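Novice: just need the structure, nothing else, for what follows:
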Amino acid sequence: MNTFTYIFLIALVISYAIQFWLSFRQKDYVLSHRDKVPDAFKDKVSLEEHQKAADYTIEKGKLSDLDSVLGIVFLLVLTLGGAIDLVFKSWADFGLSPIITGLGAMTSIFIVMTLLELPTSYYQTFVIEEKYGFNKSTLQQFLKDQAISMGLVFAIGMPLLTIILWVMDSIGSLWWLWAWAILISFSLLMSWLFPTVIAPLFNKFTPMEAGTLKDRIQGLLERCGFNSQGIFIMDGSKRSGHGNAYFTGMGKNKRIVFFDTLIESLDDEELEAVLAHELGHFKCKHVIKMLVASSITTLISFAILGSLITEPWFFSGLGVDYVPEYSNAAALLLFTLVSPVFTPFMQPISAYFQRKFEFEADDFAANNAKATKMISGLVKLYQENASTLTPDPLYSAFHYSHPPAAIRIAHLKEKMTS
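Specialist: A predicted model of the protein is given here:
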């Protein structure tokens with residue numbers, strides 16, 4: 001243990017203390033408002049629906065807290081407990097190249113982490129989601145999804161990791177700049193391929209049939225100057241009762257996607273308003289802004305890692321011996337695991353801008369569709385998804401990417417009267 005060890009432990013305590021405190025506030029606030037529907041929703045949401053949303057939110061919060069506790073334990077076992085050091089030394093004993101040694105060690109740890117997350121995912125799906133009537137998945141589907149996800153990680157993630165490790169070993173002191181460029185280029189490629197190559201591995205996408213809804217949507221697209229590769233219905237109901245809509249892809253490879261559950265619960269004008277909101281993100285360049293922000297953050301992270309990668313105190317402070325033969329891979333893994341401990345302040349900043357973007361997208365929807373239909377569609381979505389109408393203000397400031405329901409709808413109503 002060295003000075004950095006104590007800095008890490010202090011940051012860990014502070015980071016998770018904030019997280020658990022906010023979680024406690026959220027559960028306490030939701031519970032204290034459980035028995036009364038907010039005035040803004042009392043004519044639209046029943047007390048039974050409101051209480052269901054409160055109970056659902058609290059149960060998910062408890063599971064998240066348990067998951068965080070297990071995450072702390074596993075992080076300490078991996079670092080100060082010596083597990084990462086043991087795994088890397090075990091792979092080094094095979095006498096393989098530094099890149100293969102690093103790749104093998106990181107893959108081994110990833111597999112263990114994935115397996116340890118399975119019970120939580122299973123409980124979320126087959127206990128909590130089942131209890132509140134959302135789960136439509138089967139054990140076979142659940143295992144199939146896990147297998148496909150793991151297969152994608154090996155088929156796509158491992159080649160990318162191999163390239164980055166090669167760059168770290170071969171390029172010199174500016175390796176981090178090259179690695180950043182490679183990672184960003186890869187992310188853009190995946191965004192372009194996702195609609196037509198990756199997403200169909202998990203769901204079936206059926207082109208929307210001709211009719212009044214499609215005519216309405218195409219009219220909206222023409223008004224907004226949005227070109228897409230098509231409008232598709234996704235079979236989200238095979239896994240969940242939750243509904244959503246989104247557009248995905250880049251350039252000419254963009255698609256508009258509606259969950260089949262959303263089609264069933266909203267009328268045509270409400271669907272038009274919800275899609276207008278999603279298009280608002282595109283027209284207001286929110287996707288580009290978030291991509292630029294993410295790119296800058298990633299560049300800073302790689303630059304910091306570039307300065308730490310030759311510092312023995314960084315390794316020893318986290319329970320790993322500094323061994324030049326595989327130090328690059330070990331540093332990359334350590335940095336990925338521990339950096340969130342030092343950056344909890346980024347959450348409210350990111351959430352603030354995301355909520356700001358949501359307001360702007362709502363304004364766009366109100367200007368290009370009916371604001372009243374946007375409001376009624378949102379209320380139905382809150383009901384269908386059992387989203388709490390009374391989140392703790394401080395918790396939502398840290399964690400919510402969307403404004404709380406009452407604030408969001410009040411903003412739309414103000415927009416209607418201005």
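Novice: shaky segments in the protein?
Specialist: 251-252, 418 (pLDDT under 70).
Novice: biggest helix in it by residues?
Specialist: Using DSSP state H, we find that the single longest helix of the chain is helix 47-78.
Novice: what sits up against the helix or strand just after it?
Specialist: Using DSSP states H and E, the helix or strand that directly follows helix 47-78 along the chain is helix 83-92. By Cβ atoms under 8 Å, 6 or more residues apart in numbering, the surrounding residues in contact with helix 83-92 are 77-78, 101-102, 104-105, 108-109, 318-321, 323, 325-326, 329-330, 333-334. Just so you know, the C-beta spots here come from the backbone N, C-alpha and C atoms, and that holds for glycine as well.
Novice: if we go to 6 Å?
Specialist: If you take Cβ atoms under 6 Å, 6 or more residues apart in numbering as the criterion, helix 83-92 is touched by 77, 78, 101, 104, 105, 108, 109, 319, 320, 321, 326, 330.
Novice: just read off the phi/psi values of residue 248.
Specialist: Torsion angles at residue 248 (phi, psi; degrees, to the nearest 10) stand at phi -140, psi 160.
Novice: mind listing what it touches?
Specialist: 194, 195, 255.
Novice: ignoring the adjacent residues along the chain, who's closest to it?
Specialist: Closest residue to residue 248 apart from its sequence neighbours, by Cβ to Cβ, 6 or more residues apart in numbering: residue 195 at 4.9 Å.
Novice: please enumerate the strands of this structure.
Specialist: Along the chain, the segments classed as strands by DSSP state E run 205-207, 231-234, 245-248, 255-259.
Novice: most tightly surrounded among the ones you listed?
Specialist: strand 255-259 (a mean of 22; mean count of other Cβ atoms under 10 Å).
Novice: quick one: that strand to chain centroid distance?
Specialist: Averaging C-alpha positions (Cα atoms, centre = their mean, to the nearest Å) puts strand 255-259 18 Å from its chain's average.
Novice: quick revisit: which of the contacts of helix 83-92 fall in helices?
Specialist: 77, 78, 101, 104, 105, 108, 109, 330.
Novice: and the contacts of stretch 287-296?
Specialist: residue 184.
Novice: count of residues packed around residue 106?
Specialist: Residues lying near residue 106 (other Cβ atoms under 10 Å) number 24.
Novice: pipe the contacts of helix 83-92 into JSON lines and attach neighbour count and distance to residue 238 per row.
Specialist: Below are the contacts of helix 83-92 laid out as JSON lines (neighbours: other Cβ atoms under 10 Å; distance: Cβ to Cβ, whole Å):
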{"residue": "77", "neighbour count": "13", "distance to residue 238": "37"}
{"residue": "78", "neighbour count": "24", "distance to residue 238": "36"}
{"residue": "101", "neighbour count": "24", "distance to residue 238": "41"}
{"residue": "104", "neighbour count": "19", "distance to residue 238": "36"}
{"residue": "105", "neighbour count": "23", "distance to residue 238": "37"}
{"residue": "108", "neighbour count": "14", "distance to residue 238": "33"}
{"residue": "109", "neighbour count": "17", "distance to residue 238": "32"}
{"residue": "319", "neighbour count": "21", "distance to residue 238": "44"}
{"residue": "320", "neighbour count": "27", "distance to residue 238": "43"}
{"residue": "321", "neighbour count": "13", "distance to residue 238": "48"}
{"residue": "326", "neighbour count": "26", "distance to residue 238": "43"}
{"residue": "330", "neighbour count": "26", "distance to residue 238": "41"}
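Novice: max pairwise distance over those: which two?
Specialist: Using Cβ to Cβ, the two most remote members of the contacts of helix 83-92 are 77 and 101, lying 21.2 Å apart.
Novice: how about the contacts made by residue 416?
Specialist: By Cβ under 6 Å, 6+ apart, the contact list for residue 416 reads residue 371.
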